[in-house]
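> Here is my input, please return the structure:
(chains A, B, C, D, E and F)
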Number of protein chains: 6
Amino acid sequence: MSLFGLIEYSDATPEVRAVYDDIMATRKTDWVNNFWKALAHDPATLKRTWESIKQIMVPGALDPLTKELIYIAVSVTNQCGYCIASHTASAKAKGMSDAQFKELMAVIAMANETNRLVAGYQVEIDDRYKPPLP
Amino acid sequence: MSLFGLIEYSDATPEVRAVYDDIMATRKTDWVNNFWKALAHDPATLKRTWESIKQIMVPGALDPLTKELIYIAVSVTNQCGYCIASHTASAKAKGMSDAQFKELMAVIAMANETNRLVAGYQVEIDDRYKPPLP
Amino acid sequence: MSLFGLIEYSDATPEVRAVYDDIMATRKTDWVNNFWKALAHDPATLKRTWESIKQIMVPGALDPLTKELIYIAVSVTNQCGYCIASHTASAKAKGMSDAQFKELMAVIAMANETNRLVAGYQVEIDDRYKPPLP
Amino acid sequence: MSLFGLIEYSDATPEVRAVYDDIMATRKTDWVNNFWKALAHDPATLKRTWESIKQIMVPGALDPLTKELIYIAVSVTNQCGYCIASHTASAKAKGMSDAQFKELMAVIAMANETNRLVAGYQVEIDDRYKPPLP
Amino acid sequence: MSLFGLIEYSDATPEVRAVYDDIMATRKTDWVNNFWKALAHDPATLKRTWESIKQIMVPGALDPLTKELIYIAVSVTNQCGYCIASHTASAKAKGMSDAQFKELMAVIAMANETNRLVAGYQVEIDDRYKPPLP
Amino acid sequence: MSLFGLIEYSDATPEVRAVYDDIMATRKTDWVNNFWKALAHDPATLKRTWESIKQIMVPGALDPLTKELIYIAVSVTNQCGYCIASHTASAKAKGMSDAQFKELMAVIAMANETNRLVAGYQVEIDDRYKPPLP
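Now for the predicted structure:
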């Protein structure tokens, strides 16, 4: 539902429609998901967030699928249900296989496990891991 | 330093040395980092953790560098200083370029940002994102 | 629903009713929200928590609305759905405008973003930021 | 130190210097803190992050000090040491009194406490707290 | 529901059935909860996770109920709804009284509160708390 | 060091000394750790926090050592270095054996691992785990 409700395309201002149009064009799709429709109540944040995402998620030194996997890793660690569902769907759309998803989950879980062992045992950083990197 | 101190190879039991040997052989290196030396005070956890890591971080549907990037994403989100330092070093050793690191950071930061927008606006999951996946 | 169910006023002991009465009197309202009805199964925690909240959320060097905004910032960062919904409603009741809510969300999101950049880049504290403050 | 070291003004490219100049002009100060000097290794992220911060932290429906308090609330909840130190200093510079800081801490701590009680008791959202808000 | 749906015993491969059988035998029960049925889509992770859990949750220096309480403390702090519900049920099955649950909640909440006070006040570790322990 | 420095007994007001005296008497010790000396800058929070801790950590349905273990579980999950160090020391003082510490760490790590698997696989709560408990 979202706090202020969702703004559908037909009810959107031209400023919001321009963002929706760019989302659909960039994604080559004909719909916009709830996150943007909720954020549309704050057009400045809608626009800034979309432009940042577009700049960041573009193919670069990392490919788009790898970026989605990283997005899922963060979202799972933060227990954000919406974000897990939406980025898992995006990753699938970008070609994530079931085998890749399963390995992703195993790595995320393992990292969360060892993060806590490190904290509990109060492990000090090895000299050769200290920045700056060579 | 770690809670119980670090167990060096020369002071380790045969059981612990076997794990250290396997770590060095698997990584093709001649040293063991503090995490394992701290964990060596609990040989059962040392062995179980290493064997899980070895099984999970092996090349599979995801390549080893991608797995390190995911490990970093979790560690940054959990603010685990040791884990960030050690896995950044590992990722470098597996070929991570500076450009890849920078994109990784941008995606992690962005995901943490939108995770909170979703929570604050109380965005409901779109029907087409609901499991099970098609 | 809550783990043990909710204790309604009519079913409450005098000890619990005294807290409910104080909640309603302090808030100038005629109802009590589920959080307190769930906590009422542990009257000692109910009383201690309510008295702490009452002491902390009172007008002081910070006004009550600012305190609600801070409460929301924590709850969003912790992904606590109930707390986000209830403190957003409280903030609205204390006069939060939609514009204030939107700026609040933008700040929370930004802070979560830069927190992770700091961690990932392993930024060291500037000397002039080190405590104690001048 | 930061992962790649810190880029001082004298070593910065014109693109990075332009951001440093804008930071100093906006803050009416003659220095730049480590966060930006670390981020300067990725000029695109430096620029995007600074422009977002500048847009978000400007006086609006919330005053700049309130925005700093919210930033601290997030940073404390995320246990980001650098962010706590730097934004506490910023809040002081924007007029935060010691009394305000202490109340801020009390609210943050309380919110973290009740967030967990809500989770543990599995409290369901009251109907009148459910979105959309009236 | 879970991402890939749940694998019931009747539809499971012999490899998965062997884990289900061991879960039921170890717990002296005739059913398997959703977590395992969801994880069964990745038999390697199913098996590794179950074997780790079985090794860790066994009576040892800590009794099984204490281990469940610790599990709940982590799950509440991570806001994992499923984990809170399932481990609260497990703790009840292992003899947790309502009084114990309530004290558990109070300690978890208090710890989350003081963790944040420590961070916000930037408290330095006392010399006598520094590792290694005597 | 802490944000405002540490208030030693000799510099403390009678109100603060009364809390310090109670801390030392309750713990049967002759010193006070940095947390309280930092918090002493806000006597109201010092007093409220100490009285809550004293009420909560007293022997009850759970013994004091179990409560310390729970405190550690939360502090490790929140990556609070000070809290991990101080409560590990407290647990040792209350009789925690090395074997208990090691099992504690294993459970904490495991719980953090499975919490994330649950989130990533989007596992739905089993009907029999849903509150209220029977």
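
> got the buried residues for stretch A:46-55?
Of all the residues in stretch A:46-55, those buried under the rule 16 or more other Cβ atoms under 10 Å in any protein chain shown are A:46, A:47, A:48, A:49, A:50, A:52, A:53. Backbone N, C-alpha and C define where each C-beta goes, glycine included.

> wait, I meant stretch A:119-133
For stretch A:119-133, the neighbour count (16+ other Cβ under 10 Å) marks A:119, A:120, A:121, A:122, A:123, A:124, A:125, A:126, A:129, A:131, A:133 as buried.

> now those as JSON lines including pLDDT?
Putting the buried residues of stretch A:119-133 into JSON lines (pLDDT from 0 to 100) gives the following:
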{"residue": "A:119", "pLDDT": "98"}
{"residue": "A:120", "pLDDT": "98"}
{"residue": "A:121", "pLDDT": "98"}
{"residue": "A:122", "pLDDT": "97"}
{"residue": "A:123", "pLDDT": "97"}
{"residue": "A:124", "pLDDT": "96"}
{"residue": "A:125", "pLDDT": "97"}
{"residue": "A:126", "pLDDT": "97"}
{"residue": "A:129", "pLDDT": "96"}
{"residue": "A:131", "pLDDT": "87"}
{"residue": "A:133", "pLDDT": "74"}
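
> Keep these, but drop any that are not near chain B.
A:119, A:120, A:121, A:122, A:123, A:124, A:125, A:126, A:129, A:131, A:133 (Cβ under 8 Å from any Cβ of the partner chain).

> dump the residue contacts of the fifth one.
Taking Cβ atoms under 8 Å, 6 or more residues apart in numbering or on different chains, we find residue A:123 in contact with B:2, B:34, B:35, B:38, B:82.

> ok, and the most crowded of these?
residue B:38 (27 neighbours; other Cβ atoms under 10 Å in any protein chain shown).

> How far does the longest helix belonging to chain A sit from its chain's centre?
Longest helix in chain A, counting residues (DSSP state H): helix A:98-121. Per Cα atoms, centre = their mean, to the nearest Å, the displacement of helix A:98-121 from the mean C-alpha position of its chain is 18 Å.

> what do you get for stretch A:61-70?
Averaged C-alpha coordinates place stretch A:61-70 at 10 Å from its chain's average position (Cα atoms, centre = their mean).

> ok, and does that stretch reach over to chain B?
Yes. Applying Cβ under 8 Å from any Cβ, one finds stretch A:61-70 touching chain B at A:61, A:62, A:66, A:67, A:69, A:70.

> do that stretch and chain C meet?
No. Stretch A:61-70 stays out of contact with chain C when judged by Cβ under 8 Å from any Cβ, the minimum separation being 11.5 Å.

> Show the average pLDDT along that stretch.
Taken as a whole, stretch A:61-70 carries a mean pLDDT of 98.

> want to throw the contacts of residue A:123 into CSV with pLDDT and distance to residue C:26?
Putting the contacts of residue A:123 into CSV (pLDDT from 0 to 100; distance: Cβ to Cβ, whole Å) gives the following:
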residue, pLDDT, distance to residue C:26
B:2, 90, 49
B:34, 98, 52
B:35, 98, 50
B:38, 98, 50
B:82, 98, 45
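
> re the thing from before, just the ones next to chain B among the buried residues of stretch A:119-133 now: which is nearest residue C:96?
residue A:119 (36.3 Å; Cβ to Cβ).

> looking at it, the closest one is touching residue F:81, isn't it?
Yes. Counting by Cβ atoms under 8 Å, residue A:119 sits close enough to residue F:81 to count as a contact (7.5 Å).

> can you pull the contacts of the closest residue to chain F within chain A?
Each residue of chain A has a distance to chain F, by Cβ to the nearest Cβ, and the smallest belongs to residue A:113, at 3.9 Å. Applying Cβ under 8 Å, 6+ apart to residue A:113 gives the contacts B:49, B:52, F:109, F:110, F:112, F:113.

> Secondary structure element holding the residue positioned nearest the centre of chain A?
Computing the C-alpha centroid of chain A and ranking residues by Cα atoms, centre = their mean puts residue A:71 first, at 3.9 Å. Secondary structure here is read from DSSP states H and E; on that basis residue A:71 sits in helix A:64-77.

> Distance from that helix to the middle of the chain?
Mean-position distance between helix A:64-77 and its chain equals 6 Å (Cα atoms, centre = their mean).

> domains for chain A, by residue range?
The domain map for chain A lists A:1-58, A:60-122, with the assignment taken from automatic domain parsing.

> Including distance to residue E:8, could those domains go into CSV?
Formatted as CSV, the domains of chain A follow (distance: least, Cβ to Cβ, whole Å):
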stretch, distance to residue E:8
domain A:1-58, 32
domain A:60-122, 19
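
> So which of those domains is the most surrounded?
Neighbour counts averaged per stretch over these are highest for domain A:60-122, at a mean of 23; criterion: mean count of other Cβ atoms under 10 Å in any protein chain shown.

> Quick one: end-to-end length of that domain, please.
37 Å (Cα to Cα, to the nearest Å).

> quick one: is stretch A:94-109 near chain B?
Yes. Using Cβ under 8 Å from any Cβ, stretch A:94-109 comes into contact with chain B via A:97, A:99, A:100, A:102, A:103, A:104, A:106, A:107, A:108.

> Is that stretch positioned near chain F?
Yes. Contact between stretch A:94-109 and chain F, assessed by Cβ under 8 Å from any Cβ, occurs at A:104, A:105, A:108, A:109.
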